[in-house]
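Asks: here is a sequence with its predicted model. Questions after.
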There are 2 protein chains.
Amino acid sequence: MPRSRLSVQTYIDGILTGNRVILSQAITLIESNLMSDNILAQEVLQSIMPHTGKSIRIGITGVPGVGKSTFIESFGTLFTKENKKIAVLAIDPTSQISGGSIMGDKTRMENLSINKNAYIRPTPAGSSLGGVARKTRETMFLCEAAGFEVILVETVGVGQSEIAVKQMTDFFLLLMLAGAGDELQGVKRGIMEVADALVITKSDGENQKNANRAKIEYENALHLFPSKENKWFPPVLTCAALQNQGMENILTMIEKYIIHTKNNDFFITQREKQNLYWLHQNIKDVFEEKFYQNQHIKNSIEEYENKVKNGNILPWQAAKLLWNMYENGLENKGS
Amino acid sequence: MPRSRLSVQTYIDGILTGNRVILSQAITLIESNLMSDNILAQEVLQSIMPHTGKSIRIGITGVPGVGKSTFIESFGTLFTKENKKIAVLAIDPTSQISGGSIMGDKTRMENLSINKNAYIRPTPAGSSLGGVARKTRETMFLCEAAGFEVILVETVGVGQSEIAVKQMTDFFLLLMLAGAGDELQGVKRGIMEVADALVITKSDGENQKNANRAKIEYENALHLFPSKENKWFPPVLTCAALQNQGMENILTMIEKYIIHTKNNDFFITQREKQNLYWLHQNIKDVFEEKFYQNQHIKNSIEEYENKVKNGNILPWQAAKLLWNMYENGLENKGS
């Protein structure tokens, strides 16, 4: 049984006046798998759209152990000290498997979680990255409408989740560990290339020397990549979040980026492109959901996969046969 | 009017006996946009499938100017000297725009094009990468059935074509230029990471010093990436194809890779995974073709894109509305 729901207008009014309880309930609607909740959620979202878009959206990624929580705790607090309201969201593909969530345990951010200017929301559960990413992006809109001025979206360096976060944020920050030797160990191939900045964490005490060496290595590596469309050269910084060292430099750097990209219109064009990205991505998501959940397809896909794998049938032929199966099912439904 | 076609059996017999004229005609069927040709082509392909898979498939990429033709001319000739039959295919996304083809001009490979052990086929024309990639992969199968023992698939460093080539070959070779300073200038982000080897071209005379310096830089850069699933560490080599220097080292290296991956079963599992990749890719291709060519969608997509871009409607809502439009069209067709 679904819990009792409020009226659309109650959600909207609550969100626009910054009522956290109602905001949380509205996010629960978005995360719900009930059709009735989804319809309600979409009505709410559509109404609050004119009040969205005014925040700075910052994506943060890095391998487990890099110190993301500590970083966000320290970095987020910087904003709240300026009396800015900050929301922390997450896309965690591992939670789909483990059932746990990187953001589930608010004790990881002890201070931020009780800070009145901060709002922390764990990653939504979901069976597909597409669904999880969409729900996080919609949650971001609700937070913006509720008056949050900075949105941090956290993810771990696994699978495609970083692309999703990159595609919903204005600035994409990659946290790195200074290791011995192979600096990119564990960092997903390709992520360094889309980062707007690299930050080497845990640069304190003995580790400072390593961090500075890593900084130079990364600067050299970044130097090898072609320049970006936004004419922004990704800098490499170091920090020690636990000691709150180097955090203000990072904030200053991001502010510089925002001014830079607002001046050359990249800021707005990137957001427009992101909207289009999500339209065509969501079209694919709708299709995949419909297609792979279709009973005819469910009954046959494994058989075709095996045939294709072993070279008994060409992929294109299998694809067309499966598609015909799907379309015929739809046509018969209509007749 | 379509030209007269042969019978399915005539194509099959011709291909299996290595008749080049019939092979070329069969490839023309694959490349044709006529429905009747496609049906014929698929029948031929299905019949020759048991005779495919025995070649070594090598993908080659690099920016324009890196010397791909000269490289392939020299490298391909090495195989023919061992009396091996080699086919050279291409996926050229730029030919969709310019109408020209990187492989269209056989004079670029003067010697290879008249070599009796070599067969050069220009990139198929096509409006989508998905279609072009599929046609090239099917052409590869025909060539294998016709007895070609080595297939080179060439592409340029633009767009997604490199992923397509990577997904249809056993070994992926990235050609690089030794430049001054920024060594990765112009190399598409992410491609270095999926290469099985890097080869620095034009390493002769004055340029040798630069090439050797670039070799060390690339080796350092590759060293930063995590090790690959196939336990193969991508080497960096230099060559001067015009002078036929360094080419045999490259051949030896690829032979070593083939033995290595056949021993650890990566060779066969990669091919199986590629088959599955193309199944699900082709399902998407069929869907996109059907969806975006649908008259209802054609009439409405731009309007929805603009609304989504400007934030007037959420991507997910637009996607669902468009999908309903599409499905209703199908259902009405069936009733």
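Replies: Happy to help now that I have it.
Asks: quick check, central residue of chain A?
Replies: Closest residue to the average C-alpha location of chain A: residue A:165 at 3.1 Å, with C-alpha atoms, centre = their mean.
Asks: buried ones in the helix of greatest length in chain A, by neighbour count?
Replies: Counting residues, the longest helix in chain A under DSSP state H turns out to be helix A:266-293. Within helix A:266-293, the residues that qualify as buried are A:266-267, A:270-271, A:274-275, A:277-288, A:290-291, counting by 16 or more other C-beta atoms under 10 Å in any protein chain shown. All C-beta spots, glycine's among them, are computed from the backbone N, C-alpha and C.
Asks: same question for stretch A:154-168.
Replies: For stretch A:154-168, a neighbour-count test (16+ other C-beta under 10 Å) marks A:154, A:155, A:156, A:157, A:161, A:162, A:163, A:164, A:165, A:166, A:167, A:168 as buried.
Asks: and what of stretch A:302-314?
Replies: Here stretch A:302-314 shows A:304, A:305, A:307, A:308, A:309, A:311, A:313, A:314 as buried, counting by 16+ other C-beta under 10 Å.
Asks: next, give phi and psi for the second one.
Replies: Backbone torsions for residue A:305, taken as degrees, to the nearest 10, come to phi -60, psi -40.
Asks: cool, the last one as well?
Replies: Here is the backbone geometry of residue A:314 (degrees, to the nearest 10): phi -80, psi 140.
Asks: so for stretch A:199-219, mean pLDDT?
Replies: Across stretch A:199-219, pLDDT averages out at 90.
Asks: same question, stretch A:30-41
Replies: Average pLDDT, stretch A:30-41: 91.
Asks: can you list the residues that contact it?
Replies: Outside stretch A:30-41, the residues that touch it by C-beta atoms under 8 Å, 6 or more residues apart in numbering or on different chains are A:2, A:5, A:8, A:11, A:26, A:28-29, A:45, A:124-125, A:135, A:138-139, A:142.
Asks: from the buried residues of stretch A:154-168, which one has the minimum pLDDT?
Replies: Ranking the buried residues of stretch A:154-168 by pLDDT, residue A:157 lands last with 62.
Asks: after the worst-scoring helix or strand of chain A on mean pLDDT comes which helix or strand?
Replies: For chain A, using mean pLDDT, DSSP states H and E, the weakest element among its helices and strands is helix A:94-98, scoring a mean of 49. Using DSSP states H and E, the next helix or strand after helix A:94-98 towards the C-terminus is helix A:110-113.
Asks: ok, residues contacting that next one?
Replies: Counting by C-beta under 8 Å, 6+ apart, A:72, A:73, A:76, A:77, A:80, A:88, A:106, A:107, A:118, A:120 sit against helix A:110-113.
Asks: for it, buried residues please.
Replies: For helix A:110-113, a neighbour-count test (16+ other C-beta under 10 Å) marks A:112, A:113 as buried.
Asks: one step back: adding pLDDT and secondary structure, write the buried residues of stretch A:302-314 out as TSV.
Replies: Formatted as TSV, the buried residues of stretch A:302-314 follow (pLDDT from 0 to 100; DSSP: H, G, I helix; E, B strand; the rest coil):
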residue	pLDDT	secondary structure
A:304	97	helix
A:305	97	helix
A:307	95	helix
A:308	95	helix
A:309	94	helix
A:311	89	coil
A:313	92	coil
A:314	92	coil
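Asks: what about chain B: which of those residues touch it?
Replies: The subset of those within reach of chain B, by C-beta under 8 Å from any C-beta of the partner chain, is A:304, A:305, A:308, A:309, A:311, A:313, A:314.
Asks: and the second one, how far from residue A:250?
Replies: The spacing between residue A:305 and residue A:250, counted by C-beta to C-beta, to the nearest Å, is 46 Å.
Asks: do the same with the fifth one
Replies: Taking C-beta to C-beta as the criterion, residue A:311 is separated from residue A:250 by 52 Å.
Asks: what's the answer for the fourth one, then?
Replies: Taking C-beta to C-beta as the measure, residue A:309 falls 47 Å from residue A:250.
Asks: repeat for residue A:41
Replies: 34 Å.
Asks: between these two, who's got more neighbours?
Replies: Between residue A:41 and residue A:250, counted using other C-beta atoms under 10 Å in any protein chain shown, residue A:41 has the larger neighbour count: 25 against 21.
Asks: give me the element that one is part of.
Replies: helix A:35-48.
Asks: off-centre distance for that helix?
Replies: Here helix A:35-48 is found 21 Å from its chain centre; the criterion is C-alpha atoms, centre = their mean, to the nearest Å.
Asks: can I get that helix in PDB, CA atoms only?
Replies: The C-alpha coordinates for helix A:35-48 follow below in PDB (Å, rounded to 0.1, in the frame of the first residue of the first chain):
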ATOM      1  CA  MET A  35       2.900   4.500 -11.400                       C
ATOM      2  CA  SER A  36       0.500   6.800  -9.400                       C
ATOM      3  CA  ASP A  37       3.500   8.300  -7.600                       C
ATOM      4  CA  ASN A  38       5.300   8.900 -10.900                       C
ATOM      5  CA  ILE A  39       2.400  10.700 -12.400                       C
ATOM      6  CA  LEU A  40       2.200  12.900  -9.300                       C
ATOM      7  CA  ALA A  41       5.900  13.500  -9.400                       C
ATOM      8  CA  GLN A  42       5.900  14.600 -13.000                       C
ATOM      9  CA  GLU A  43       3.100  17.000 -12.300                       C
ATOM     10  CA  VAL A  44       5.100  18.500  -9.500                       C
ATOM     11  CA  LEU A  45       8.200  18.700 -11.500                       C
ATOM     12  CA  GLN A  46       6.500  20.300 -14.500                       C
ATOM     13  CA  SER A  47       5.200  23.100 -12.200                       C
ATOM     14  CA  ILE A  48       8.400  23.800 -10.500                       C
END
